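In: Got a predicted model here, sequence first, then my questions.
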Amino acid sequence: MEKILDLILLFFVFSFVGWCIEVVLKYRQYHRFINRGFLTGPWLPIYGSGAVLITVAMQLVSRWDDGYGTTFAVSFFLCGALEYGASWFMEKRFHARWWDYSQKPMNLHGRVWIGNLILFGLGGVLIFKILDPLLLPQFARLRLPVKEIVAGVLAAVFIADFIVSHFVLQLVKHSVEHSEADNTEAIGREVRLMLHDRSIFYRRFADAYPEVIYKTERVAQRMERVRAETERLRRLAEQRAEDMGSQLAATLEPTALIKNDLIEKQDALIRALYDDSTATDAQRALKQEIDRRAEKLSARRERTIPLP
């Protein structure tokens, strides 16, 4: 029981630390305070969940190997899976994507990317090797009733915050589902306008995620049509470019080369059809005249000085 209480306290500590990190990062980006997260309180549960997962997993794995490389790898994959799962669930549940790494290198469906995964690995090493050894002994010094009270109060406030925030998200989901807009930007404007007309809890949510991408089936179908039409136009352009190239090559072929090729083919046809044993006198005379002209043309070619 006491270990569970320690993990609960650890969850809230790192949820608060994660909230502080996000607030600082967004302050540097937007130059104003932004209360990050879909919860109103100063906590981001995805950070706390990641820290607890790393702690529990490494306590199990450390029986065999607790090196820095193992800690990095476990944190890398566990927190990556956690971020991917959270993004997928929130998008399916509320028709919105809260973060999108599609423009980042080596991303997976825009939900996670290599830069964050490396930070997760390094953060896991920091948590298990440095912060856990500092925090867990401090929790152990607290008497069990004190821990129960602190964990209980924090959990009660967290649950109440979650319920209120869930109602806000349900309103967002309802607005997205019933929006007549056919693109994510227009839907986002409608949602922000709707939230700003309500209480401070709703306005806070609108400010917390200025880059949120709202998605509906209508938008998804429209984007698929745009993608298919773009691909069709690309193929059509490639085909036209290929046809024009062939026509241009035929137009630029020198007339002399065409004549020479034609003469060679005519000679080949004559050789195939002419039989001296069955030919008439007129045919033999014509054949001799053709051969004489061909020799004359060949002699002219040999005397022609090629251009450099």
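Out: Thanks, I have the structure now. Numbers count the residues shown, from 1 in each chain.

In: residues contacting S102?
Out: By CB atoms under 8 Å, 6 or more residues apart in numbering, the contact list for S102 reads G110. (Glycine included, C-beta is placed from N, CA and C.)

In: Let me know the secondary structure of it.
Out: Recorded secondary structure, S102: coil (DSSP: H, G, I helix; E, B strand; the rest coil).

In: And it, how far from Q29?
Out: Distance of S102 to Q29, given as CB to CB, to the nearest Å: 18 Å.

In: what's the burial count for R143?
Out: Counted by other CB atoms under 10 Å, the residues lying close to R143 total 8.

In: With V150 instead?
Out: Residues near V150, counting by other CB under 10 Å, number 16.

In: so how far is L142 from it?
Out: 8 Å.

In: and if you look at F33?
Out: As for F33, its distance to L142 is 32 Å (criterion: CB to CB).

In: Show me which of these two is the more surrounded one.
Out: Neighbour count, other CB under 10 Å: between F33 and L142, L142 has more, with 17 against 10.

In: Enumerate every residue touching the more buried one.
Out: V150.

In: Not counting residues beside it along the chain, what's closest to I118?
Out: The spatially closest residue to I118, leaving aside those adjacent along the chain, is F76, at 7.4 Å (CB to CB, 6 or more residues apart in numbering).

In: how far away is that neighbour from E289?
Out: For F76, the distance to E289 equals 87 Å [CB to CB].

In: Which one's more surrounded, these two?
Out: Neighbour count, other CB under 10 Å: between F76 and E289, F76 has more, with 20 against 10.

In: before we move on, which element is V74 in?
Out: V74 belongs to helix 68-94 when elements are defined using DSSP states H and E.

In: Okay, buried residues for that helix please.
Out: In terms of neighbour count (16 or more other CB atoms under 10 Å), helix 68-94 has its buried residues at 70-72, 74-76, 78-80, 82-83, 86-87, 90-91, 94.

In: Mind giving me the packing neighbours of that helix?
Out: helix 45-61, strand 96-97, strand 112-113, helix 114-126, helix 144-177 (3 or more CB pairs under 8 Å, 6 or more residues apart in numbering; DSSP states H and E).

In: Mean pLDDT and distance to Q138 added to these, as CSV?
Out: Formatted as CSV, those follow (pLDDT from 0 to 100; distance: least, CB to CB, whole Å):
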stretch, mean pLDDT, distance to Q138
helix 45-61, 93, 14
strand 96-97, 71, 38
strand 112-113, 92, 32
helix 114-126, 93, 17
helix 144-177, 82, 11
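
In: now those in CSV, with distance to D267?
Out: What follows is these, written out as CSV (distance: least, CB to CB, whole Å):
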stretch, distance to D267
helix 45-61, 82
strand 96-97, 72
strand 112-113, 68
helix 114-126, 67
helix 144-177, 77
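
In: among those, which is nearest M244?
Out: strand 112-113 (41.0 Å; CB to CB).

In: What pairs with the closest one, parallel or antiparallel?
Out: Strand 112-113 pairs in its sheet with strand 107-108 (antiparallel), by DSSP bridges.
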